[in-house]
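Trainee: Compute the structure for the input listed below.
(chains A, B, C and D)
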Protein chains: 2
Amino acid sequence: MGSTVSTSVIKRLPRYYRFLQELMNNGVTRISSRELSEKMGFTASQIRQDFNCFGGFGQQGYGYNVSELHAEIGKILGVDKGYKTILIGAGNLGRAIATHMNFDARGCKLIGIFDVNPELTDVEVGNLRIMHTDKIESFCNENSPVIAILCIPKESAQQIADTLVKHGIKAFWNFSHCDLKPTFNDIIVENAHLGDSLMTMVYNVNASSDN
Amino acid sequence: MGSTVSTSVIKRLPRYYRFLQELMNNGVTRISSRELSEKMGFTASQIRQDFNCFGGFGQQGYGYNVSELHAEIGKILGVDKGYKTILIGAGNLGRAIATHMNFDARGCKLIGIFDVNPELTDVEVGNLRIMHTDKIESFCNENSPVIAILCIPKESAQQIADTLVKHGIKAFWNFSHCDLKPTFNDIIVENAHLGDSLMTMVYNVNASSDN
DNA sequence: GGATTATTGTCAATGTTTTAACGAGTACAA
DNA sequence: TTGTACTCGTTAAAACATTGACAATAATCC
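Mentor: Residues are numbered from 1 along each chain as shown, chains lettered A, B, ... in the order given. A predicted model of the protein is given here:
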């Protein structure tokens, strides 16, 4: 196992990855931690330390090779893993995510979309057809998805999550406004609590006008 | 001004708020830091310390009064501020946010939606009609919005952000896959980088299967 | 080919966040 | 009314994260 790296570091990796992609697109082939620090707003020291968690990708006197570093970080993040992913809840948000997310470039492969509303059954989203929630269990048995995205009301989230865990789901990307209780261990939950994010911003606006 | 509180604490406040709401709905009137810690998965010590950043809301031997604490945190977060908010980009994601977000309960008031696509002009979303992007500047001059939500491609994000800052926008909730450069100071940016969140999760899935 | 400059990887120092410990005050029961 | 159990606010300790410093090494220039 990969000698635990702190979550602070992990949370910065996608940003590095995005930035390096940008540099590649602009034809930049090499970059130093100092230059990166100026562009990204981190300290050069932090950047070097972050990269070093995974081994020395740079070279003294030269810096980092952009495309090599990009590839390494991609590998660390697992962008080529293609984990089978299902999405539960095809409301506005669910459909936005299904169509916008570029799963393939992020290590996921969206293989199924489900909604409880029978009127949505067979409606096409992206290149998939929405299935009724009834079909989740048989679908899981046949296709063994690993990741589930929850875009459903908080009232039903916990129950569906429990069912999915029983059918082999290992990780949840949770957009429901609730905190899933890990009734089973070693399940990964990444919360995307948009409401919390908005409230944090409002706090900051409020705080900044108080002075 | 409110003697700076660390962002770690701030980011937990919405979660406390949500949880206390839930308790109120269930008719719970008092709760101790120990009980809360069991339900939320923080340590009791952290909870007491967090609340204490804003003053002593509890009482020895009793705990905290749920509705009082809920109200206090709401006040700290500014949920009653009703900051005027506009949304730029009425694609799938923009519409999902406009209709799902319950802005009023989170200190915001959505007063305008804009999109560059003329075919969307006058289409109704929530109880607002989409306006063409051309109208942003005059709208800002007349209505003085404070917060802007960016649901637009990264190519146009920086330019629109610059325009908005010139017209008095103080804070951005940024869903574009880019990092806004703060060309002007003291502008608040809350990034909702869903792609980064997804990649973090994929990393964790990957790391957990490596052992 | 040697001197100079650039830049990494790493170690130590600093700063921040979380956890633990405990005195003081309140509620509640006998 | 007294004693016991509970729980806060706060201080101190531990864990964790970031920054600064520098030796080692590679690139580049003359």
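
Trainee: Only C-alpha atoms from now on, for both contacts and neighbour counts.
Mentor: Noted.

Trainee: Give me the distance between stretch A:43-60 and the centre of its chain.
Mentor: Relative to the centre of its chain, stretch A:43-60 is centred 23 Å away, using C-alpha atoms, centre = their mean, to the nearest Å.

Trainee: neighbouring contacts of it?
Mentor: A:5, A:9, A:33-34, A:36-37, A:64-65, A:69 (C-alpha atoms under 8 Å, 6 or more residues apart in numbering or on different chains).

Trainee: let's see it at 6 Å
Mentor: Contact with stretch A:43-60 is made by A:33-34, A:37, A:64, as judged by C-alpha atoms under 6 Å, 6 or more residues apart in numbering or on different chains.

Trainee: Among the residues you listed, which are located in helices?
Mentor: The members of those that map onto helices under DSSP state H are A:33-34, A:37.

Trainee: thinking again about what came up before, keep only those of the contacts of stretch A:43-60 that are also close to DNA strand C.
Mentor: With C-alpha under 7 Å from any atom of the strand as the criterion, the members of the contacts of stretch A:43-60 in contact with DNA strand C are A:33-34, A:64.

Trainee: Dump those to JSON lines, plus distance to residue A:125 and neighbour count.
Mentor: Formatted as JSON lines, those follow (distance: C-alpha to C-alpha, whole Å; neighbours: other C-alpha atoms under 10 Å in any protein chain shown):
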{"residue": "A:33", "distance to residue A:125": "42", "neighbour count": "19"}
{"residue": "A:34", "distance to residue A:125": "44", "neighbour count": "16"}
{"residue": "A:64", "distance to residue A:125": "41", "neighbour count": "20"}
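
Trainee: how many other residues sit next to residue A:59?
Mentor: Number of residues near residue A:59 (other C-alpha atoms under 10 Å in any protein chain shown) recorded here: 10.

Trainee: Please identify which pair of the contacts of stretch A:43-60 lies farthest apart.
Mentor: Greatest spacing in the contacts of stretch A:43-60, by C-alpha to C-alpha: A:37 and A:64 (12.8 Å).

Trainee: picking up where we left off before, which one of the ones next to DNA strand C among the contacts of stretch A:43-60 is nearest to residue B:20?
Mentor: Comparing these against residue B:20 with C-alpha to C-alpha places residue A:33 closest, at 44.5 Å.

Trainee: what helices or strands is the strand ranked longest in chain A leaning on?
Mentor: What stands out as the longest strand in chain A, according to DSSP state E, is strand A:108-115. Contact partners of strand A:108-115 among helices and strands, from 3 or more C-alpha pairs under 6 Å, 6 or more residues apart in numbering or on different chains; DSSP states H and E: strand A:83-88, strand A:128-132.

Trainee: How far off centre is it?
Mentor: Relative to its chain's centre, strand A:108-115 lies at 15 Å (C-alpha atoms, centre = their mean).

Trainee: ok so, going back, let me know the closest of the ones in helices among the contacts of stretch A:43-60 to chain B.
Mentor: Of all the ones in helices among the contacts of stretch A:43-60, chain B sits closest to residue A:37, with 13.6 Å by C-alpha to the nearest C-alpha.

Trainee: ok, now which ones touch the closest one?
Mentor: Counted by C-alpha under 6 Å, 6+ apart, residue A:37 has contacts A:43-44.

Trainee: repeat that for 10 Å
Mentor: Shown in contact with residue A:37 (C-alpha atoms under 10 Å, 6 or more residues apart in numbering or on different chains): A:43-48.

Trainee: coming back round to it: adding pLDDT, write the contacts of stretch A:43-60 out as TSV.
Mentor: Output for the contacts of stretch A:43-60, formatted as TSV (pLDDT from 0 to 100):
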residue	pLDDT
A:33	96
A:34	96
A:37	96
A:64	96
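
Trainee: Tell me, how many residues neighbour residue A:135?
Mentor: Neighbour count of residue A:135, defined by other C-alpha under 10 Å: 12.

Trainee: Looks like it contacts residue A:118 (just checking).
Mentor: No. If you go by C-alpha atoms under 10 Å, residue A:135 and residue A:118 don't touch, sitting 11.7 Å apart.

Trainee: Can you show me the strands along chain A?
Mentor: Counting by DSSP E, chain A has strands at residues A:30-31, A:58-59, A:63-65, A:83-88, A:108-115, A:124-125, A:128-132, A:147-150, A:171-174, A:188-191.

Trainee: Out of those strands, the one nearest residue B:146 is which?
Mentor: Among those, the nearest to residue B:146 by C-alpha to C-alpha is strand A:188-191 (27.2 Å).

Trainee: Flag the shaky bits of chain A, pLDDT-wise.
Mentor: Along chain A, segments meeting pLDDT under 70 span A:1-3, A:182-184, A:211.

Trainee: swap the cut-off to 80 and go again
Mentor: Applying pLDDT under 80 to chain A flags residues A:1-3, A:182-185, A:210-211.

Trainee: Near DNA strand C, which residues of it? Just list them.
Mentor: With C-alpha under 7 Å from any atom of the strand as the criterion, chain A meets DNA strand C at residues A:31-34, A:44-45, A:48-49, A:51-52, A:55-64.

Trainee: Buried subset of those, written for ChimeraX?
Mentor: Of these, the buried ones go into a single ChimeraX selection, burial set by 16 or more other C-alpha atoms under 10 Å in any protein chain shown:
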select /A:31,32,33,34,44,48,51,58,64
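
Trainee: and the residues of chain A next to DNA strand C near DNA strand D, which?
Mentor: Contacts with DNA strand D are made by A:45, A:49, A:59-62 out of the residues of chain A next to DNA strand C, judged by C-alpha under 7 Å from any atom of the strand.

Trainee: Please flag which of those sit within helices.
Mentor: Mapping these onto helices (DSSP H) picks out A:45, A:49.

Trainee: With respect to residue B:17, which of the ones next to DNA strand D among the residues of chain A next to DNA strand C is nearest?
Mentor: Using C-alpha to C-alpha, residue A:49 is the member of these that lies nearest residue B:17, at 36.0 Å.
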